[in-house]
Each structure stands twice: as C-alpha cells, then as structure tokens.
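A.B. asks: Following is a predicted model, sequence given first.
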Amino acid sequence: MKTELKPLILSKIKTKSLKAFSCYDFTEFAPYKTISKCLERMEDSSEITRIIQGVYCLSKIDKVLNLPILPTIDDVVQCIARKHKWIICPSGNLALNLMGLSTQVPASYIYLSNGPYSEYLVYGIKVLFKRTMNREITNYSYKTMLLIQCIKSLGEETEKTTLIKLRNKLSSKEKQKALKETSAIQSWIRNKIILICKEEQ
C-alpha cells in the first residue's frame with residue numbers, strides 16, 4: 001500500500017462529506033486494485049466498516065449509546081449509484097419519506113434508475129433499483145426529480161396544504177431550478193410545481 005494513499009482517501013471523505021464510499025470514489029488517486037487493497041487494510045485496522053460488499057463507512061461510535069454510527073440507507077444507495085454511474089431517484093412512499101411528508105418507514109426502498117434492475121439488502125431492508133425511461137429522470141436536478149416523484153405519489157387531488165409543506169422543503173434556488181427544468185412536463189404535474197414554487201405573496 002502506498003503510504004500517501006490513505007491520507008488522500010481520508011481527505012476526500014472529509015471534503016466531500018462521503019457518508020458511504022467505495023473504491024470507485026478514489027480512482028483518481030491510484031488504480032482500482034491498489035485502492036481496494038488500501039481499503040481492505042483500513043477495514044482490518046477498524047478505521048472503516050464494511051456495510052455491504054464493496055461499500056464502506058468511517059468507523060465511528062456513539063459515545064452515549066456505545067453503538068456504531070452508520071450511514072443511512074439513502075447514503076449507501078447514493079454510493080452504489082456513483083459506483084455504477086447510474087442516475088437514480090427515490091420513488092413513491094420513499095420520496096415522501098425523504099421529503100418529510102411521511103414518517104412511515106418503508107418496507108422496501110424503491111429507486112428509479114437508468115441502470116438495470118438490481119436488488120440489494122442493506123441493514124436487512126430490501127433496496128430495489130427499477131429501470132425507467134431516461135426522460136423520467138434525466139435532465140433534472142436531484143431535488144427536482146424528488147419533487148416530481150412526490151407529486152406523482154400524492155396524485156392530482158392533492159390538498160393545497162400538502163403542497164405548501166413541499167414548498168417549505170425547498171430553497172429559493174431549488175424552486176427556481178424546478179420551474180426551469182419542468183417546463184415540458186405533464187400539465188397537471190407542471191401546475192402543481194408552479195403552485196409549490198411560486199413566490200409567496
């Protein structure tokens with residue numbers, strides 16, 4: 001293992017706030033096999049923890065509970081997507097959960113993806129990647145994709161109070177981006193987005 005590789009890896013984890021990471025996050029520093037060996041040694045020395053095959057996190061302990069501090073399932077999923085260069089977006093109840101509109105813990109985590117159908121088991125919970133048409137998820141920022149999936153899950157008869165809750169989850173910049181990116185989307189979804197993203201009077 002090159003002695004300078006580990007500091008580079010740790011520095012990128014910190015600067016990019018990588019809650020979960022894989023070899024593919026560090027390929028600018030060294031060949032894949034070299035990075036893999038470095039991560040294996042870091043795991044052997046308990047500096048990092050393996051979550052699933054090929055995905056790791058820094059080893060941290062909650063001092064109060066004396067339990068490992070682990071990344072969320074969504075953090076792990078984002079790592080998997082980076083690894084395979086997939087564009088992904090949470091779907092259905094998961095999208096509502098991530099936007100704070102539902103407190104119900106999903107029985108499975110379903111993501112739309114431009115990659116192949118895939119299944120993973122993370123912390124004992126099934127994670128599904130379902131292939132969708134590229135136009136469903138490309139040309140949108142992540143927050144815009146998430147907003148669209150929330151609107152689709154809620155349906156056309158969504159109450160205005162619920163839409164206001166969505167409005168409060170978005171920054172002014174995210175609202176402007178959503179308005180710009182969805183100009184050609186289905187009219188009923190577009191109307192909801194306009195209502196959510198318009199400036200309050």
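C.D. replies: Noted; the coordinates are in hand.
A.B. asks: Now do residue 3, the pLDDT please.
C.D. replies: We have a pLDDT of 54 for residue 3.
A.B. asks: and what of residue 87?
C.D. replies: So residue 87 comes in at 93 (pLDDT).
A.B. asks: Show me where the protein dips below the pLDDT cut-off.
C.D. replies: Applying pLDDT under 70 to the chain flags the ranges 1-3, 199-201.
A.B. asks: And the helices in it, which stretches?
C.D. replies: For the chain, the helices defined by DSSP state H occupy 5-15, 32-44, 73-84, 92-98, 134-137, 142-154, 160-167, 172-181, 187-197.
A.B. asks: Could you export the ones you listed as TSV, including mean neighbour count and distance to residue 121?
C.D. replies: Heads up, the C-betas are built off the backbone N, CA and C, glycines and all. Converted to TSV, those look like this (neighbours: other Cβ atoms under 10 Å; distance: least, Cβ to Cβ, whole Å):
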stretch	mean neighbour count	distance to residue 121
helix 5-15	15	24
helix 32-44	16	19
helix 73-84	20	10
helix 92-98	21	16
helix 134-137	15	24
helix 142-154	22	23
helix 160-167	14	31
helix 172-181	15	32
helix 187-197	17	33
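A.B. asks: Nearest to residue 119, out of these?
C.D. replies: Among these, the nearest to residue 119 by Cβ to Cβ is helix 73-84 (11.2 Å).
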